[in-house]
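[1] here's my sequence, what's the structure:
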Amino acid sequence: MIWLWAAGAYLCGSIPFGLLIARAVTGADVRAVGSGNIGATNVARAAGKPAAIATLLLDAIKGLVPVLFAARAPGAPAALPSVCAVAAVLGHCFPVWLRFRGGKGVATGLGVSLALAPLAAVAGAATWLLLYSAFRISSVGSLAGVAVALAVALLTADPFAVYGLAGVSVVIVARHHGNIRRLLARQGG
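    Numbers count the residues shown, from 1 in each chain. Purely as a prediction, here's the structure:
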């Protein structure tokens, strides 16, 4: 049963809303612009702010929905929502439809966080907003937001939610490896 739920969450997470929205707005492929990924930050570059907001909301919802359904499934194991959370983020980052080249998982991570640990999600989103406003570098806000969300979850959420958010955090940080290298290179130079 867990693997069926995980597969469903993966497929939900793999819907490439950024690609679809950017194509609908501009006719262009968002993967040919900027960073080449399908997330809201790159959609903003390719198709503008309204398209980016729509992408962010839909990417968050595609993480939120399978986790909420898993949490309410009768007789489901306690770990099921966390498994679905990680699967949805993996679906966004590695969508089968796009040869496993997707986004960085931040908006989908926000959605799964809202379902698993709402206080942690709010703290992470506020951190992203504050740091993005200050530095105008999305990856700085994203990485700090992930760290803050995980820290708040450790203090406020149940252990299974923490495990799920830890798994999601690992995926998001791994997807930001190039950004981390560039940020560190700027500090060293």
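[2] from now on I want contacts and neighbour counts done on CA atoms only, so please keep to that.
    Fine.
[3] buried sites along the longest helix anywhere in the chain?
    Ordering each helix of the chain by length in residues (DSSP state H) puts helix 49-71 first. Neighbour counts over helix 49-71 (16 or more other CA atoms under 10 Å) mark 51-71 as buried.
[4] packing partners for that helix?
    Here helix 49-71 touches helix 2-13, helix 17-26, helix 40-47, helix 80-93, helix 106-116, going by 3 or more CA pairs under 8 Å, 6 or more residues apart in numbering; DSSP states H and E.
[5] got the angle between it and helix 2-13?
    170 degrees (axes from the mean of the first three to the mean of the last three CA atoms, to 10 degrees).
[6] quick one: which of the helices and strands packed on helix 49-71 is nearest F160?
    helix 80-93 (6.4 Å; CA to CA).
[7] buried residues in that closest one?
    For helix 80-93, by 16+ other CA under 10 Å, it's 80-93.
[8] pick the one among the residues you listed closest to T127.
    For the buried residues of helix 80-93, the nearest to T127 is V89 (19.8 Å; CA to CA).
[9] low-scoring stretches of the chain, by residue?
    For the chain, the stretches with pLDDT under 70 are 187-189.
[10] again, 90 this time
    1, 35, 186-189 (pLDDT under 90).
[11] and the gap between the closest residue to A47 other than its chain neighbours and L58?
    Once flanking residues are discounted, A47 sits nearest to A22: 5.4 Å by CA to CA, 6 or more residues apart in numbering. A22 sits 13 Å away from L58, going by CA to CA, to the nearest Å.
[12] tell me the SS of V171?
    helix (DSSP: H, G, I helix; E, B strand; the rest coil).
[13] in stretch 147-158, which residues are buried?
    Neighbour-count burial for stretch 147-158 [16+ other CA under 10 Å]: A147, V148, A149, L150, A151, V152, A153, L154, A157.
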